[in-house]
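> Dropping a prediction and its sequence here:
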Amino acid sequence: MSSAPQSTEPLRADYLLLRGSAGPSEPAGTLKRLWDLLPRDTIVEFKSIGRPYRRRNLDRLCSYLHLYCADDAERIEQRSDLCGVLLVPSRTRLLDADVADLGLEWGDLGGGYWRLHGGAFALLVVEIDAAAEAEDDDLLRSFGHGEARTIEARRWLSQQLGAEEIAMEMHDLEGFDEVVRKLLATLPPERVLSAYAPEQRLAGLPPEQRLAGLPPEQRLAGLPPEQRLAGLPPEQRLAGLPPEQVLLALPDEVLQALSDSYLDTLSAETRAAIRARIGR
């Protein structure tokens, strides 16, 4: 008898929400309709644009619920104390197929919120795009297909990313890259680049893109003559030079073959330079 691994991925939920029994809390800042639907404990699975819902992700969420219920029987006295929430940018055919395979039924709560009936635990699905529009939630738009529309939302995101401790936590958040991309897209390029040193601005660019837009003299500035000419065939190295300068570029053995009568046709400066090289 042989054994086989039961999963290729570790079981790790995105969030575990524990609701206390203290007095009334502050109004919800985002997903405003969700909180009143939740029981004592909730496991949340978030699917982003970059890592969308895949086949049987709903089964994985259900497995989290069963394991949590089994491992904490003292806290979860009855199954209604536990709920699963799936956050997705929008419903997909894969999600619809999994819901049908599990024998669950959709119940429309409105505004992008759905309840899945027929499971062992309460299950909620939130379509981020629809909920963001229904609640006019700019922060929620950043995690879906929408764009932040207000200065306040962009300022809040900038503050979160600017705080080192919070930024480290958000970096591990599903969909973090999409949020940063959308935030940067709202800023003018010169403001984004001003935060980087020159070498960081050019890092990753191929040589031709680094030099694009520069006039020839700036591309070659700082290079010694031999590096400026490196890689060029002889005819290109001499292209554009007047005849007498081309003549001075010839090797000494060629210059020694020149007759005195030919040298007399050259300018005094060129003739003197050639005679000094060949000792004539």
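In hand now; what should we look at?

> excluding its backbone neighbours, what's nearest residue 278?
Distances taken as CB to CB, 6 or more residues apart in numbering place residue 256 nearest to residue 278, at 4.8 Å, with adjacent residues excluded. Bear in mind the C-beta positions are built from the backbone N, C-alpha and C, glycine included.

> Report the separation between the one you found and residue 51.
Using CB to CB, to the nearest Å, one obtains 74 Å as the distance from residue 256 to residue 51.

> what's the answer for residue 200, then?
Taken as CB to CB, the span from residue 200 to residue 51 is 27 Å.

> Which one's more surrounded, the two?
The neighbour comparison of residue 200 against residue 51 (other CB atoms under 10 Å) goes to residue 51, with 13 against 10.

> so where's the stretch 151-280 of the chain shaky on pLDDT?
In the predicted model of the stretch 151-280 of the chain, residues 151-188, 191-195, 219, 225, 228-229, 234-235, 237-238, 246, 280 satisfy pLDDT under 70.

> Tell me where it has strands.
Counting by DSSP state E, counting those that start in this stretch, no segments of the stretch 151-280 of the chain form strands.

> hey, where'd the helices end up in it?
Using DSSP state H, counting those that start in this stretch, the helices assigned to the stretch 151-280 of the chain run over residues 151-162, 164-171, 176-185, 189-193, 198-202, 207-211, 216-220, 225-229, 234-238, 243-248, 252-256, 260-263, 268-278.

> again, but for the stretch 1-150 of the chain
Going by DSSP H, counting those that start in this stretch, the stretch 1-150 of the chain shows helices at 57-71, 93-101, 128-135, 138-142.

> hey, which of those is tucked in deepest?
helix 138-142 (a mean of 22; mean count of other CB atoms under 10 Å).

> In terms of secondary structure, what does that one contact?
With contacts taken as 3 or more CB pairs under 8 Å, 6 or more residues apart in numbering; DSSP states H and E, helix 138-142 sits against helix 128-135, helix 151-162, helix 176-185.

> pretty sure residue 108 is touching residue 114, no?
Yes: counting by CB atoms under 8 Å, residue 108 touches residue 114, with 6.1 Å between them.

> between the two, who's got more neighbours?
residue 114 (19 against 9).

> Find the nearest non-adjacent residue to that one, please.
Using CB to CB, 6+ apart, the nearest residue to residue 114 is residue 125, at 4.3 Å.

> burial measure for the one you found, as a count.
25.

> gap between it and residue 46?
12 Å.

> And for residue 256?
Counting by CB to CB - residue 256 and residue 46 are separated by 81 Å.

> out of those two, which sits in the more crowded spot?
Neighbour count, other CB under 10 Å: between residue 256 and residue 46, residue 46 has more, with 18 against 12.

> Kindly state the beta-bridge partners for that one.
Listed by DSSP bridges, the beta-bridge partners for residue 46 are residue 87.

> isn't residue 135 right next to residue 28, touching?
No: in this structure, residue 135 is not within contact of residue 28 by CB under 8 Å, at 9.7 Å.

> Report the contact partners of residue 56.
residue 98 (CB atoms under 8 Å, 6 or more residues apart in numbering).

> Could you number the chain from 19 rather than 1 from now on?
Fine by me, first position is 19 from now on; the one you just mentioned is residue 74.

> my guess is residue 276 contacts residue 295, does it?
No: using CB under 8 Å, residue 276 is not in contact with residue 295, being 11.0 Å away.
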